[in-house]
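Peer 1: Using only what follows, build the 3D model:
(one chain, ligands or ions: 3)
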Amino acid sequence: MQTLSEQIVRNVVQPRPQVAHKGTFGRVLIVAGSQSFGGAAIMNAQAAVYSGAGLVTVATDPSNKTALLARLPEAMVVDFNQDLTPLIDSANVILIGSGLGDEFFILQKVFSRTRADQVVIIDGSALTMMAHKGLSLPAGQVILTPHQMEWQRLSQVAIADQGQAENNQQALQKLASYHDLPILVLKSDRTQVYLKNDLYQLTVGGPYQATGGMGDTLAGMVAGFAAQFQPLDQAVLAAVYSHSAIAADLAKTAYVTLPTAIAQSLPAYMQKMAQAD
Ligand SMILES: NC(=O)C1=CN([C@@H]2O[C@H](COP(=O)(O)OP(=O)(O)OC[C@H]3O[C@@H](n4cnc5c(N)ncnc54)[C@H](OP(=O)(O)O)[C@@H]3O)[C@@H](O)[C@H]2O)[C@@H](O)CC1
Ligand SMILES: Nc1ncnc2c1ncn2[C@@H]1O[C@H](COP(=O)(O)OP(=O)(O)O)[C@@H](O)[C@H]1O
Ligand SMILES: [Mg+2]
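Peer 2: Ligands and ions are numbered 1, 2, ... in the order given. Have a look, this model is predicted:
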């Protein structure tokens, strides 16, 4: 097991090339936010935009549209009940599930349309629905971002047994069946990232992060990093480290580190990481 350090972020986040336009930095589709959980979609989207994704579209419950646009005019917003096919087809990265509630029909529709060349990040309610309905993984380079209870539901590995890496690795293999092995970001007070051949431990971060929306922000960051940086596994590691490193920095003067404050700190933090040392 390896420990994540700032070096991963310095390796991944580079100065932007001069010859570039918004399409260079990826098209992200976020499918999130039921009527009760509009904030999850907003936090996903803010984190994706502030981490530099070129174009971000949010498919959400229509009741969330005004609030989302008022907070984040950079995002495009559509009703998640409409036909999402053209948006799915043109996305490089799809993030689905944060605050999605029990919108199983939408989840099924999206899962049936994704392609092997797309990154598909599965978070929150999507993981819970997959577990409850026995829905298998979609096509794509899949990244799962469960907290311990979501992982218990999906993998059948009890929280008490998740400390043993082999249990999680076996469950991942079973879940993948004939698909490629997904990347697993297993979130807790000691988050771990499972890659095909490596296991990484996060040692920054703390209880100042234990507030609703913290994972929604991480999922948006993973989407933003995946849209811009390669290889994918390194981009995921860099997003996971950055999320908690920013929180740790904010916690020097803040009792609780708000998810939206982490997102707001992203452009300055990434600029610092992109400077040569
Ligand atoms: N503003 C918004 O719109 C927000 C929208 N949100 C969206 O809501 C949806 C539901 O997500 P959820 O995580 O709140 O609920 P659920 O999946 O039932 O899990 C909670 C259960 O698991 C247990 N538990 C054990 N270990 C744990 C651990 N390490 N981390 C966390 N929990 C742990 C925990 O134990 P307990 O607290 O009882 O001790 C409890 O029994 C999801 O889509 C999410 O995106 C939220 O982001 C909030 C802000
Ligand atoms: N005590 C803690 N120490 C470090 N990180 C924490 C702690 N509590 C929560 N976190 C982090 O906060 C995030 C919580 O994610 P999640 O439970 O999905 O939040 P939400 O769904 O409310 O957005 C994860 O990244 C987790 O690692
Ligand atoms: Mg969550």
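Peer 1: Would you tell me whether the helix of greatest length in the chain gets close to ligand 1?
Peer 2: Taking DSSP state H as the criterion, the chain has its longest helix at helix 232-250. No - remark: helix 232-250 sits outside contact range of ligand 1, by CB under 6 Å from any ligand atom, the gap being at least 14.0 Å. Backbone N, C-alpha and C define where each C-beta goes, glycine included.
Peer 1: For the residue of the chain at minimum distance from ligand 3, give me the pLDDT.
Peer 2: With CB to the ion as the measure, Gly215 is the residue of the chain nearest to ligand 3, at 3.1 Å. We have a pLDDT of 99 for Gly215.
Peer 1: Over to Tyr178?
Peer 2: If you check Tyr178, the pLDDT there is 85.
Peer 1: secondary structure element for it?
Peer 2: For Tyr178, there is no enclosing helix or strand under DSSP states H and E.
Peer 1: what sits against it?
Peer 2: Residues counted as contacts of Tyr178 (CB atoms under 8 Å, 6 or more residues apart in numbering): none.
Peer 1: And it, its phi and psi?
Peer 2: Note on Tyr178: its backbone torsions stand at phi -90, psi 0 [degrees, to the nearest 10].
Peer 1: Name the residues that touch stretch 2-15?
Peer 2: Contact with stretch 2-15 is made by 193, 198-204, 225, 229, 234-235, 237-238, 240-242, 245, 270, 273-275, 277, as judged by CB under 8 Å, 6+ apart.
Peer 1: Only the buried residues of the longest helix of the chain, if you could.
Peer 2: For helix 232-250, burial by neighbour count (16 or more other CB atoms under 10 Å) applies to 232-247, 250.
Peer 1: got any ranges where the protein has weak pLDDT?
Peer 2: Across the chain, the ranges flagged by pLDDT under 70 are 277.
Peer 1: Helices of that one, residue ranges please.
Peer 2: 6-12, 38-50, 65-71, 85-90, 104-111, 124-133, 148-155, 165-176, 214-228, 232-250, 259-274.
Peer 1: could you dump those to a markdown table with distance to Lys22?
Peer 2: Written out in a markdown table, the entries for the helices of the chain read as follows (distance: least, CB to CB, whole Å):
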| stretch | distance to Lys22 |
| --- | --- |
| helix 6-12 | 20 |
| helix 38-50 | 11 |
| helix 65-71 | 18 |
| helix 85-90 | 13 |
| helix 104-111 | 23 |
| helix 124-133 | 27 |
| helix 148-155 | 33 |
| helix 165-176 | 33 |
| helix 214-228 | 11 |
| helix 232-250 | 18 |
| helix 259-274 | 15 |
